[in-house]
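1. sequence and predicted structure, then a few things I'm wondering about:
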Amino acid sequence: MGEKNSQMFEDNLAALRARFPALAGRIVSQAEPGKCVVIGTPSGFPTLTVQTSRGEEVLYHSRHDPRREAIRWAESPGIRESSRMILFGQGLGYHALALLMAKPRDYLCIVEPRMDVLRAAMEWVDLRPILNHPNVFLLCEEPPENLYRTIMARMGEFLSTGFDFYILPAAARACPDELQQVQQEMDRVKEAYDGMLRHIETTGVRTQEHLFRNIPAIYRAHPPSVLKNRATGCPALIIAAGPSLNKNINQIASAVGHAAIFSVDTSLRLLQARGIEPHFVVTKDASDLNERHFQGIDNLGKTLFVFDPQVSPRLTGKYQGPSIFLPHRCRCLHRHLPGRHLTDDDVLPFSQTVALAAFHLAHLMGCSPIIFVGLDLAFPPGAGSSHAAGTALEAEVSYTASGEMVYRRTEGNGAYREQVEMVRTPGVDGGMVPTSPIFYECIRFLEGLLAETGVHCVDATEGGARIEGTEIIPFSEALERHLRGEWNVWSMLDMIRQVSLPKVPCSLFKDLAGVVEDGMEKSRRGLEAISNVSVRADWEEVTCLLGSLQAIREEIEQGFQLYEILEPALERLFVTIRAPGYFALKSDLPSQLRLLDRYVHYLSEIHRVASLFGPLLREMGGKE
């Protein structure tokens, strides 16, 4: 094998430093690959052998043509079609390079368990197509939970399409222990993914209706991009409603004039009761319970109403003053809203909670530091309150002997009882504190965001869960250290109010209704064709019918307009039909009858959803 190309390493290092600076720092300190041997091949592309912890040698790539081997792998069925994937093992990078050459990839997360392998790859192969790719994420010798955080940061994008996990066989042989840990994290990811699918299955129709009914509110609101870098260097104070807020709610007035103040919906009434007018109030939950946060609040004054369009249209109808819309996770509808197409700056990362949505907005504005107060993401170790006193969500929390948490509210119309699994997580005081699975995921998610963005974040909650990557100090110290400068945030926001807003196009709802009604008619035609087939149909008759149904499906999916418009309501169906070979036509009659059942489900679901929303859009069009 010839001499290493030192310039190759420097070029790769520059690309790595631009995308993954922390990893670049670790790779520089990595000694020359001691347990990796790069050897030549007849093709001219080097291959790699590594020594395992047990002293065994593992060949990572072909001895003859490793590049050709990787290309064949990337073109194999299943892998070729996958657009979002996690790859365990990079080796010299041939497989990842082949994946990126084969077709555009929306997401590729590479987990290389050995730093010496990555160092060898950077010394011998041009990895810049991988390292410069905006949709590639690289993890190397990191705690297994970082994989979970990295994937969850983009989970909102995966729900409709899913994701695939592939293992480089040589990496599995060389690093079996690391693979086992990664597989455990992937099991957690799958569990979270399945939970989200169950959620959208039960809430998809309601979310869809809210999105449609909130289209007028979207047009009279500004997109997030209007706030980009509007408050560079200004501190942000995000006021959540955890039980620790009781300790310092009366100190928050001291931050007025010294920070951009974000209230989550749950804490708004507490601030208003103390005469504090936040610059923003953020809300995003589609449930009816969410409206309780705003009961008795008829006027937001100068506060900007920041909303996810999935919230109840009664809220957006109630507050018609200055507002910002946060594009919903299902954002394809915006492609059909002239004047409301989204820019890259409008598409904020997925937010599991209102506080995270506020964090993303503050980060877009250029705020620094971003200070949290009341962000417990945990509950009192003994019995106690779930939220700050006086909030709509305040409930009693207790714990069962079997390790579950019980939420109980006994007064008024909101009385309820709920029992959920209890999880323990490190607390700010050094011990372990109880939390819920949802809050646990939020903690890990936020930690991943902080590691990825490098945002200076201060946790001044004075209780609850520890969030790695934050500066943990009491709120009084945060006031003294970070909230002393004068900032006139209202004047910044006044400039936003001067930005003109587009009008709802006259034919918008009729155009949307036309697409939906067309899908309803085509699905009806398909179901009618199925109903006309005899229960004793023979192979030839079923084959002919399946050909007709395939043609109808292709008509429905042409341009994907129907799916884009009805994305929340059809999202679960799309996940189902995306399974490899779901609509594959086979020659035997039993397989064809199973495929016919799949078409019945597909067409019935489209007809059901289109029948719900075609009339609604037509009705809304009549009001234009």
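-> Structure received. Residues are numbered from 1 along each chain as shown.

2. contacts only, for the closest residue to His61 other than its chain neighbours.
-> Sequence neighbours aside, Thr47 is the residue nearest to His61 in space, at 4.2 Å (criterion: C-beta to C-beta, 6 or more residues apart in numbering). All C-beta atoms are positioned from the backbone trio N, CA, C, and that covers glycine. Contacts for Thr47 (C-beta atoms under 8 Å, 6 or more residues apart in numbering) come out as 38-41, 59-63, 66, 92.

3. please redo it, this time with the cut-off set to 6 Å
-> Thr47 makes contact with 39, 41, 61, 66, according to C-beta atoms under 6 Å, 6 or more residues apart in numbering.

4. any chance of those residues in JSON lines, plus neighbour count?
-> Shown next, in JSON lines, are the contacts of Thr47 (neighbours: other C-beta atoms under 10 Å):
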{"residue": "Ile39", "neighbour count": "12"}
{"residue": "Thr41", "neighbour count": "16"}
{"residue": "His61", "neighbour count": "24"}
{"residue": "Pro66", "neighbour count": "24"}
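
5. helices of the stretch 351-500 of the chain, residue ranges please.
-> Listed in chain order, the helices of the stretch 351-500 of the chain (DSSP state H, counting those that start in this stretch) span 354-365, 437-453, 475-482, 489-497.

6. how about the stretch 501-624 of the chain?
-> Under DSSP H, counting those that start in this stretch, the stretch 501-624 of the chain gives helices at 508-531, 539-557, 561-565, 567-577, 589-622.

7. for the residue nearest to His61, which residues make a bridge with it?
-> As for beta bridges, Thr47 partners with Ile39 under DSSP bridges.

8. returning to what we had before: filter the contacts of Thr47 down to the ones in helices?
-> Among those, the residues falling in helices (DSSP state H) are Pro66.

9. could you dump the contacts of Thr47 to TSV with pLDDT and distance to Arg524?
-> Shown next, in TSV, are the contacts of Thr47 (pLDDT from 0 to 100; distance: C-beta to C-beta, whole Å):
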residue	pLDDT	distance to Arg524
Ile39	92	64
Thr41	93	59
His61	94	54
Pro66	94	54
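
10. between the contacts of Thr47, which sits nearest Ala388?
-> The nearest member of the contacts of Thr47 to Ala388, counting by C-beta to C-beta, is His61 at 57.5 Å.

11. how far away is that closest one from Arg149?
-> Distance of His61 to Arg149, given as C-beta to C-beta, to the nearest Å: 30 Å.

12. also Met155?
-> 10 Å.

13. again with Ile552
-> From Ile552 to Arg149 the distance is 43 Å (C-beta to C-beta).

14. so these two - more neighbours on which side?
-> Just comparing Ile552 and Arg149: by other C-beta atoms under 10 Å the higher neighbour count belongs to Arg149, 23 against 18.

15. name the nearest residue to the more buried one, sequence neighbours excluded.
-> Counting by C-beta to C-beta, 6+ apart, the residue nearest Arg149 is Gly448, at 2.7 Å.

16. what does the pLDDT read for the one you found?
-> pLDDT recorded at Gly448 is 78.

17. looks like it contacts Ala153 (just checking).
-> Yes: between Gly448 and Ala153 there is a contact at 5.3 Å, judged by C-beta atoms under 6 Å.

18. thinking again about what came up before, so which of the helices of the stretch 351-500 of the chain is the most packed in?
-> helix 354-365 (a mean of 24; mean count of other C-beta atoms under 10 Å).

19. please compute how far that one lies from its chain's middle.
-> With C-alpha atoms, centre = their mean, to the nearest Å as the basis, helix 354-365 stands 14 Å off its chain's centre.

20. who are the packing partners of that helix?
-> Contacts defined by 3 or more C-beta pairs under 6 Å, 6 or more residues apart in numbering; DSSP states H and E place helix 354-365 against strand 236-239, strand 260-264, strand 280-283.

21. and with 7 Å instead?
-> Counting contacts by 3 or more C-beta pairs under 7 Å, 6 or more residues apart in numbering; DSSP states H and E, helix 354-365 is packed against strand 236-239, strand 260-264, strand 280-283, strand 370-373, helix 437-453.

22. closest to Glu396 out of the ones you listed?
-> Closest approach to Glu396 among the helices and strands packed on helix 354-365 (C-beta to C-beta): helix 437-453, 17.1 Å.
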